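Peer 1: need a 3D model of the following:
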Amino acid sequence: MAGVSVAAEWQLLYNRYYRKSEIYQMQWKNVDLARNKIACAPFGGPIAVIRDDAKIVQLYAESALRKLRIFTASGVLISETIWKNPGGRLIGMSWTDDLILVCITQDGSVYFYNIHAELVNTFSLGKECNENSVVECLFSGNGVVCINEAFEIFSLPDLKMPKTVKLPDCNLEGLPNCMAVIDPQCTKSGDIELLMGVGDHVLSVEEDGIQQLAPGIGPLQKMVVSRRGEYVACFTHDGRLLVLSVDFSNVIIEYTCESSLPPDQLAWCGLDSILLCWDDMLLMVGPFGDPVRYIYDDPIILIPENDGVRILSDKTMEFLHRVPDSTVSIFQIGSTSPAALLYDALDHFDRKSAKADENLRLIRSSLPEAVEACIDAAGYEYDKYLQRTLLRAASYGQTFASHVQRDSIREMCKILRILNGVRSVEIGIPLSIQQYKLLTPTVLINRLVYARKHLLAFRISEFLSMNQETVLMNWTCTKISESSAVPDSTLLEILLEKLKTCKGISYAAVAAHADKSGRRKLAAMLVQHEPHGSKQIPLLLSIGEEDNALTKAVEIGDTDLVYLVLFHILQKRAPLDFFVTIQARTLARDLFITYARSFKREFLKDFFLSAGQLHEVAFLLWAESWKHAKNPIKGHRIIVIKKAHELFKNTKEHMFESKAAEEHAELLKIQHELEATTKQAVFVDSSISDTIRTCIVLGNHQAANKVKTTFKVSEKRWYWLKVFALATIRDWTALENFSKEKRPPISYRPFVEACTDAGEKSEALKYIPKLADPRERAEAYARIGMEKEAAEAASQAKDGEGELLGRLKMTLSQSASATSIFDTLRSSFPGVSSQF
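Peer 2: Residues are numbered from 1 along each chain as shown. The predicted structure follows:
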């Protein structure tokens, strides 16, 4: 039989057992709940305490200045600060899900404190609450509803994103008798919903309207909504406790209390019972049967959890919850369930009694269920001895059972090891197993980190094979902030020893925090260990290590990072210092030059001058001269090119460029003069050949000769230009005279081609006979369609392989008389194949 002492502390509420276990003896001293405002966070969270300025209390050996103190659930002081905030009386305070303490004062100011009593944010509820003081506020999860002296109602559905919403006017003549808030997650509309007991009915107030519910039910004195938003518990003016559906359509429980005096507190204990708290008594009412009473000498505060209620008094923290079925099956007085017999078998085994084997034979077919019940019951226990004993019983039964999940015990041991670690008095987070599963290990680790319990958080992360980067990162930042007296080199060794245990951790983030904390030297040392250049280089820039940043960027070879550093240095340093910085770094220099050629040409000139690269400046000036082509001041462009010429002349390696620039300037000068003389803007930016050709076309032969002489144009080039220029203007007389001046150095072929291209066969005939080469004569005659003369000229040429005949064939194939011509040509070349 199971031990009687465990079940002796249970209380029977109809057919369900409840137990109230002491979790902690509170470690605080001189904390009187009756004199203070208290805010307790769920899931075993911290407790905020501040003297209630709405009460007249006697001050003992304490300051008249109020202190906001934050304790763990075991009463260990975490932090404290003097309350100096303006705004009048403190109306209410509560914790959000991420453990931010929200305090609302009379003038509508909202203050946010972290667990270390540091003010992290503040904002106002608005003008209406400032002009008409807030008189009541009601928190629910991450939301809050406030009423001011003008009986206007305001809601903040999510305190993480503070946005005040004014609810519809309810025409209140006074404060409601009671209020309850339904969390937005539990409403159909997704908005916060306020239930108010007004007169003999209830008002449901949402952002989009007001609805009257349950007329004649009141007046109601207290009201509280269940955690899931399905039910609402109410205490009426005549002493009745009602549990109704949230729309007040169905009465589920009705219980008449002995007194009509409204309770100080009303809370749900899980989903099965309701707690009513008066000064000296706690009453638990269930669906059926007689209630359970608990008597207290000191004031208490009820802290609802998802699976029960924590009860805080000046001296203790207790947990009241329903006894799980697995525990009942084992420890209920007189229980003969398989789990109870298995637990009893372990006791006999420890006493080396043969009855252990007898118990096992009795439950052999039910051993798997008995093992699972022992494992499950162990998870609900706070007493380590009972945990261990129940798990030993499960392990003992598992030895003889064949169909049992072998990992169940191991998983439960993991969970209990974590829970026992956080339940310790020093940590003070009394989570139950259901709360732990609902909270999740990730959130628990984050809470430990937030509370600066880094060692335990790290060990739990390691134990569960979870990422430890968040824990290490927060520890590192905290260590830097709190180690102002430790030398940088010593602190660096301490940090690196820990950080090297976590692969992939961002050293840049740690270095950024060090820089933010005023430890720039430490930041510079830390960032050297960052393997990712994209994180390392921006931080080096932020801490003033531009040279190191540029060196790293060049080593990595990432052009984007190099440009990032260059632009940063460009803004911070004088030009000469910038030039010295990039001169020795080839990649950085080349990238800067590429960028500056497009966007900072004047700055690039200064760079080249500082480096003694005069030819580069000359190239820039020469290229720049083209931008002045449309400049009305004609001489400016020539001046720029002459500057380029002078710079080129100073370098022996660029004599060609120097001469070219000089001639370019001279050509532009002549072209400007020609445009001024002819009043035709056709010369500037044309080549020497085009300038000569244009002069001839315009009949300005003297200017053409001047350009020829100035730029030493060769005779061959001169003849080619003049021949085609004269043909362009169809000045055949001048062309003929030009051909007779002297024997052309380019022969008469260009004359023939110019006339042929112009369609002047008669003019071409003047020059074809002068062609010395029979081949050229034959082709020239063929081009103007003179087949007979082409044949005669071809007969004088030596064309053994028929190459000339092939070209003539292609030329004369366009003629209608091509057949007869080919016959004539074939007879002229009897040795040529008939394929031609």
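
Peer 1: which outside residues touch stretch 73-84?
Peer 2: Residues outside stretch 73-84 that contact it (CB atoms under 8 Å, 6 or more residues apart in numbering) are 23-24, 26-28, 31, 40, 44-47, 50, 65-72, 90, 113, 115-119, 310, 317, 425-430, 451. All C-beta atoms are positioned from the backbone trio N, CA, C, and that covers glycine.

Peer 1: any idea how far apart the tips of it sit?
Peer 2: One end of stretch 73-84 to the other measures 25 Å (CA to CA, to the nearest Å).

Peer 1: buried among the contacts of stretch 73-84? Make that a PyMOL selection.
Peer 2: When burial is assessed using 16 or more other CB atoms under 10 Å, the buried subset of the contacts of stretch 73-84 is captured in PyMOL by this command:
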select buried, resi 23+24+26+28+31+40+44+45+46+47+50+66+68+69+70+71+72+90+113+115+117+310+317+425+427+428+429+430+451
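
Peer 1: just the ones of the contacts of stretch 73-84 in strands?
Peer 2: Cross-referencing those against strands under DSSP state E gives 23-24, 40, 47, 50, 67-71, 90, 113, 119, 310, 317.

Peer 1: which one of those residues sits closest to Leu726?
Peer 2: Comparing the ones in strands among the contacts of stretch 73-84 against Leu726 with CB to CB places Leu119 closest, at 95.2 Å.

Peer 1: find the nearest non-adjacent residue to the closest one, please.
Peer 2: The spatial neighbour of Leu119 that comes closest, neighbours along the chain excluded (CB to CB, 6 or more residues apart in numbering), is Tyr113 at 5.8 Å.

Peer 1: hmm, that neighbour is touching Ile50, no?
Peer 2: No - counting by CB atoms under 8 Å, Tyr113 stays clear of Ile50, with 10.5 Å between them.

Peer 1: helix/strand/coil for Leu138?
Peer 2: Reducing the assignment at Leu138 to three states with DSSP: H, G, I helix; E, B strand; the rest coil gives strand.

Peer 1: confidence score at it?
Peer 2: At Leu138 the predicted local confidence, pLDDT, stands at 93.

Peer 1: that one and Asp200, how far apart?
Peer 2: The gap separating Leu138 from Asp200 is 21 Å, by CB to CB, to the nearest Å.

Peer 1: same check on Glu555?
Peer 2: 81 Å.

Peer 1: repeat for Asp558
Peer 2: In this structure, Asp558 lies at 75 Å from Asp200, with CB to CB as the measure.

Peer 1: and Asn467, by the same measure?
Peer 2: Computed with CB to CB, the distance linking Asn467 and Asp200 is 57 Å.

Peer 1: the helix or strand where Met284 lies packs against which elements?
Peer 2: Using DSSP states H and E, the element containing Met284 is strand 281-285. Secondary-structure packing of strand 281-285 (3 or more CB pairs under 8 Å, 6 or more residues apart in numbering; DSSP states H and E): strand 273-277, strand 292-295.

Peer 1: and those strands as a markdown table, adding mean pLDDT?
Peer 2: Putting the helices and strands packed on strand 281-285 into a markdown table (pLDDT from 0 to 100) gives the following:
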| stretch | mean pLDDT |
| --- | --- |
| strand 273-277 | 95 |
| strand 292-295 | 94 |
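
Peer 1: now the strands for the stretch 251-400 of the chain?
Peer 2: Listed in chain order, the strands of the stretch 251-400 of the chain (DSSP state E, counting those that start in this stretch) span 251-256, 265-269, 273-277, 281-285, 292-295, 301-305, 308-312, 316-322.

Peer 1: now the ones you listed as JSON lines including distance to Ile147?
Peer 2: Supplementary listing: the strands of the stretch 251-400 of the chain in JSON lines, determined by distance: least, CB to CB, whole Å:
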{"stretch": "strand 251-256", "distance to Ile147": "28"}
{"stretch": "strand 265-269", "distance to Ile147": "19"}
{"stretch": "strand 273-277", "distance to Ile147": "24"}
{"stretch": "strand 281-285", "distance to Ile147": "29"}
{"stretch": "strand 292-295", "distance to Ile147": "33"}
{"stretch": "strand 301-305", "distance to Ile147": "23"}
{"stretch": "strand 308-312", "distance to Ile147": "27"}
{"stretch": "strand 316-322", "distance to Ile147": "32"}
